[in-house]
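> predicted model and sequence follow; I will ask about them next.
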Amino acid sequence: MSDKEEKRTFFKKLTELIRPGLESREELLAALAEAEEHELIGADSRAMLEGVIRMADMTAGDVMVAAPRMDLLNIDAPFDDLLYAVIDTGHSRFPVYSGERENIIGILMAKDLLKLQRAPELNLRTLLRPVVYVPESKGLNDLLREFRASRYHLAVVIDEFGQVAGLITIEDVLEQIVGEIEDEFDIEEDAGDIFGLADQTFRVSGDTDIERVNEAFDVQLEALAPDETFDTIGGLVAHLMGHVPKRGERITLGGLNIVVLHTKGGAVKWFKVSKA
């Protein structure tokens, strides 16, 4: 069965399940909303189904971590530097380069560093896994199928000229269906970027507008950098820290205690925020 036939079969089966006679993707999405309204499916089920449907039109280039924001390891770096980078970023897999960042020679599993620590005579190159390359135009449906079949979890994305454009992981693909992998307790009706947590603190997305943060916490963060203009809380925090924030770093701004919870591709994905 071809990919086109498989997608058509899935679409046909899904439309017949929700409402017979649907002929377009827009009608199907509307039917899913109606099904949720009538409590035929839950909100989570609807969100996942919509993610599956929309993912059919998405490519690796749409969700990849761009090359300048990739966390890479230098094959010639001292062991302590490699270990610090692994601990600091919290990733389980790293592209490794030699000389120039464009020259990626393999993928290192973080757990393999333990082998190097126990046996320093080992050559780091022998621990590297092969690099899997995919084009920016690779469809996410096809990529997810390859991830599962080949049992690799990370691929380097290349552009039409064969240059490294970024990287993509199986987690990046799955998040298009299920949303952020990390769990949170949403206690705000209209929140899409600020979530209440069980300990009465808040999880704030790094790309949340500063105006929204000001309104949510009754603060005036833009006053902390009167000569600069920042749209997001992540940009403001990075400016005031003077460097790209790392996981676990803390700062107090405008009456708020801010902790870096999660970074990805050189940018902060989530902060933990509480009143100072």
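Structure's in. What do you need?

> from here on, contacts and neighbour counts on C-alpha atoms
Noted.

> return the backbone torsion pair for the closest residue to residue 214 other than its chain neighbours.
Distances taken as Cα to Cα, 6 or more residues apart in numbering place residue 220 nearest to residue 214, at 5.5 Å, with adjacent residues excluded. Torsion angles at residue 220 (phi, psi; degrees, to the nearest 10) stand at phi -130, psi 80.

> can I assume residue 220 is in contact with residue 254?
Yes. If you go by Cα atoms under 8 Å, residue 220 and residue 254 touch, sitting 6.9 Å apart.

> may I have the phi/psi pair for residue 217?
Taking degrees, to the nearest 10, you get phi -110, psi 0 for the backbone angles of residue 217.

> what about it, how many neighbours?
Residue 217 has 14 neighbouring residues, counting by other Cα atoms under 10 Å.

> same deal with the one 5 residues further on?
Residue 222: 18 surrounding residues under other Cα under 10 Å.

> pretty sure it sits in a helix.
Yes. Assigned with DSSP: H, G, I helix; E, B strand; the rest coil, residue 222 falls within a helix.

> tell me the domain boundaries of this structure?
3-57, 62-178, 194-275 (automatic domain parsing).

> could you tell me the least trusted of those domains?
In terms of average pLDDT, domain 3-57 trails the rest of the domains of the chain, at a mean of 66.

> correct me, but residue 274 touches residue 201?
Yes. Contact criterion Cα under 8 Å: residue 274 and residue 201 qualify, at 5.1 Å.

> can you give me the helices for the chain?
Applying DSSP state H to the chain gives helices spanning 3-18, 25-37, 43-55, 60-63, 79-89, 113-118, 140-150, 170-178, 210-217, 233-241.
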